[in-house]
Structure formats: C-alpha cells, structure tokens
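[1] Need coordinates for the below:
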Amino acid sequence: MPRTSFEELLEAGVHFGHLKRKWNPAMAPYIFMERNGIHIIDLHKTIVKIEEAASALKQIAKSGRKILFVATKKQAKDIVDEEIQKINMPYVTERWPGGMLTNFPTIRKSVKKMTAIDKMEQDGTFNNLAKRERLQIMRQRAKLEKNFGSVADLTRLPAAIFVVDVMKEYIAVREAKRLNIPVFAIVDTNSDPREIDFPIPANDDASKSIAHIIGILSKAIQEGLDERKVEKEKDAPAKEKKGAEKKERGEGRRTRARKGSPEGKKDEGGEDEKPARPARPRRKVAEAKTGQADASDTGTSAPAGTKNEPVAEDKSEKETKE
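    I've put the predicted structure just below:
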C-alpha cells in the first residue's frame with residue numbers, strides 16, 4: 001500500500017515549483033508542465049521517490065543507526081522540531097555549524113562542555129562561584145544548548161542526513177558527500193538533484209508540503225524502530241540460553257582440567273613425585289680435566305714441581321747411554 005496518494009500531495013501544494021527563469025535543467029525529468037510562468041512538478045514521480053526514501057530510512061533506523069535532519073528555514077524549523085523529537089533523532093534547526101561532520105570531534109567537545117556545566121549544577125560546585133562567573137557560565141550554557149542541544153545524543157557520525165532545502169544547506173550536503181554519507185533531500189525545480197542520493201521532487205517553500213513529506217518519513221523511521229524493538233525482544237531468550245550453555249561448557253572444562261592436572265598428583269605425604277634433577281659439573285673442573293688429557297696425548301712435560309712418570313723414564317735412559 002502506498003504511503004501517500006496523489007490527492008494528498010495535491011492538497012499540500014507539493015506540485016508547485018519555482019519560476020521558469022529560476023529552474024535548473026537537471027530537474028527536467030521531474031517537471032510535468034509550465035503554467036503562468038511557474039513549473040509544475042510531476043506528482044507521480046514524487047510518490048515513487050517518497051516510497052524509495054521511506055523504505056531506505058526505515059532500514060537505516062531498523063539497523064540502529066542515526067539520521068540527522070537539517071532544516072534551518074523558517075517554514076521548516078518548527079515542523080522538524082515537533083516531528084523529529086517524537087522519534088528521538090538528531091536534528092539541526094539553527095545555524096549549521098561549519099565542520100559539523102568533517103570536524104566532528106570538535107563538535108563533540110562543545111557537547112561535553114555543556115554536560116560538564118550540568119554536572120557542576122548537580123554537584124553543588126556551581127554555588128561556590130561568584131555571581132558574575134555563574135551568569136557567564138549560564139549564558140555560555142544557553143548558547144551551547146541552542147546550537148548543539150538537539151545533537152547531544154549523536155555520539156558518532158550519522159548514517160544519513162535529510163535536508164529540506166538543498167540550496168540553503170549546501171554546506172551540509174558538501175560535508176556529507178565528502179564523507180560518503182547518503183543524502184536524502186526535498187529538491188525543488190531550482191536545485192540540482194544529481195548531488196543527492198535520494199531526491200524527492202517537491203515544493204520546499206510551503207510549510208504544508210514540508211510537513212506532509214516529513215510526516216511520512218518520520219512514520220517510516222518509527223516503523224523501523226518498532227521492528228528493531230520486536231526483534232530484540234525475540235532474540236533476548238535465545239541469547240540467554242546461549243549464555244547459560246557457554247557457562248556450563250566453561251565450568252565442565254575447568255573441572256576436567258583440575259582432575260587431570262599434575263597439581264593433583266601428589267603422594268600421601270603431600271610431596272610431589274617429580275624426580276630430582278642431577279647436579280651439573282662445574283666448568284673449572286671440566287676444563288682442568290680436558291687440559292690434562294691434552295698434555296698426555298701430545299707428550300709435553302708438566303710444569304716444574306709436579307710429579308710425572310714419563311719424565312722419570314727419560315732421565316734413566318740418558319744415564320744408561322752415558
């Protein structure tokens with residue numbers, strides 16, 4: 001069943017585009033006709049693109065990843081704030097901070113600073129400060145809350161971003177393209193859909209049109225979150241069984257190792273049955289023995305003062321000759 005109908009889009013004014021002189025030729029496949037100098041968007045193609053974007057966002061939400069919504073236009077601020085808070089997704093409705101994606105660690109420092117101020121209020125250290133210092137910290141806290149309060153739960157880069165106006169949020173689109181983050185966007189007749197992964201040709205100036213499209217996408221995201229919750233509940237008992245089986249296996253292995261370990265093999269007196277290692281001969285004694293053996297083999301005389309039988313035999317032979 002389609003998520004929206006032709007009549008609903010027509011009532012919301014989704015089909016109205018910009019003036020003919022402001023159009024982008026890349027939007028020609030999505031333009032139905034021209035009337036009174038204004039381009040009319042083909043709503044049949046809009047329905048198809050909404051279905052594609054909704055199914056893709058549903059799968060991202062089902063996987064447990066975050067989707068960042070960007071809408072700093074006056075017509076879209078309140079709509080995004082109301083709809084996206086219900087599904088607990090991060091969003092940016094104030095000024096887009098440069099480097100929000102490409103310099104994400106610096107943005108996280110600002111968020112951590114905001115949480116540190118909150119801890120100071122809870123711990124009571126905030127009351128020990130002077131009145132002027134407290135006022136300065138509270139002003140800083142309010143500024144951080146305004147810019148980064150809706151992104152406080154975004155601990156890592158989002159899996160995708162949704163942009164309401166591509167022309168106004170071109171910095172966000174460029175950062176996402178640099179990091180290979182898929183971009184979902186409402187594309188009007190004055191925008192370039194080639195830079196968007198999931199373009200939705202629609203009117204991005206009328207509040208009714210923006211509210212209708214964001215409402216459809218937020219419902220798709222909520223469906224993905226509900227399915228993820230159901231799957232977790234189903235997998236919970238299976239995981240508990242696996243954990244219990246692993247514990248039983250581990251205990252069985254431990255008991256077997258204890259029974260067959262050499263520590264348990266002891267005699268009645270409590271002493272180990274390991275045989276004693278033989279003592280190694282000293283190095284000096286071994287060298288002396290090898291020296292004496294070499295001297296006897298070569299026939300050299302021993303040093304003076306030592307008794308040696310071969311030397312005495314040589315002296316007796318000399319006396320007999322004389």
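
[2] any idea which helix is longest in the protein?
    Secondary structure of the chain per DSSP state H: the longest helix is helix 207-260.

[3] chain center to it, what's the gap?
    18 Å (C-alpha atoms, centre = their mean, to the nearest Å).

[4] cool, and stretch 93-113?
    That offset, for stretch 93-113, works out to 17 Å (C-alpha atoms, centre = their mean).

[5] ok, and what's touching that stretch?
    Under the criterion C-beta atoms under 8 Å, 6 or more residues apart in numbering, residues 70-72, 76-77, 80-81, 92, 144, 146-148, 150-152, 155-158, 161, 169, 171-172, 175-176, 178-179, 181 lie in contact with stretch 93-113. Quick note: C-beta positions are derived from backbone N, CA and C, even for glycine.

[6] Could you give me the buried positions within it?
    93, 96, 97, 100, 101, 104, 107, 108, 111 (16 or more other C-beta atoms under 10 Å).

[7] Redo the residues you listed as CSV? Include secondary structure and pLDDT.
    Formatted as CSV, the buried residues of stretch 93-113 follow (DSSP: H, G, I helix; E, B strand; the rest coil; pLDDT from 0 to 100):
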residue, secondary structure, pLDDT
93, coil, 90
96, coil, 89
97, coil, 87
100, coil, 89
101, coil, 91
104, helix, 90
107, helix, 87
108, helix, 89
111, helix, 87
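
[8] Looking at the residues you listed, spot the one nearest residue 119.
    For the buried residues of stretch 93-113, the closest approach to residue 119 (C-beta to C-beta) belongs to residue 111, at 13.1 Å.

[9] Relative to residue 102, how far out is residue 176?
    9 Å (C-beta to C-beta, to the nearest Å).

[10] typo on my end, it should be residue 73
    Per C-beta to C-beta, residue 73 is found 23 Å from residue 102.

[11] What are the neighbouring residues in contact with residue 129?
    Contact partners of residue 129, counting by C-beta under 8 Å, 6+ apart, are residue 137.

[12] Read off the pLDDT value for it.
    pLDDT recorded at residue 129 is 85.

[13] Next, find the distance separating it from residue 116.
    From residue 129 across to residue 116, the span is 14 Å (C-beta to C-beta).

[14] Quick one: distance of stretch 150-166 to the chain centre.
    14 Å.

[15] Stretch 184-197 too?
    28 Å.

[16] Then stretch 19-31?
    So, by C-alpha atoms, centre = their mean, the centroid of stretch 19-31 is 39 Å from its chain's centroid.

[17] what's next to it, contact-wise?
    Looking at stretch 19-31 with C-beta under 8 Å, 6+ apart, the contacting residues turn out to be 17, 34, 37-42, 45-46, 187-194, 201.

[18] Buried residues, it. List them.
    23, 24, 27, 30, 31.

[19] Out of these, flag the one nearest to residue 235.
    Each of the buried residues of stretch 19-31 was checked against residue 235 using C-beta to C-beta; the closest is residue 30, at 42.0 Å.

[20] Check the gap between the closest one and residue 37 for me.
    18 Å.

[21] do the same with residue 176
    34 Å.

[22] same question, residue 96
    From residue 96 to residue 37 the distance is 32 Å (C-beta to C-beta).

[23] go on, residue 108?
    48 Å.

[24] From the contacts of stretch 19-31, list just the buried residues.
    17, 38-39, 41, 46, 187-193, 201.

[25] Could you tell me which of those belong to strands?
    When strands are assigned by DSSP state E, the members of those inside them are 17, 38, 39, 41, 187, 201.

[26] Isn't residue 86 up against residue 221?
    No. Between residue 86 and residue 221 there is no contact under C-beta atoms under 8 Å: 9.7 Å.

[27] Those two: which is more packed in?
    Higher neighbour count among residue 86 and residue 221: residue 221, with 24 against 11, using other C-beta atoms under 10 Å.

[28] now the strands for the stretch 51-200 of the chain?
    67-70, 91-92, 160-163, 183-187, 198-201 (DSSP state E, counting those that start in this stretch).
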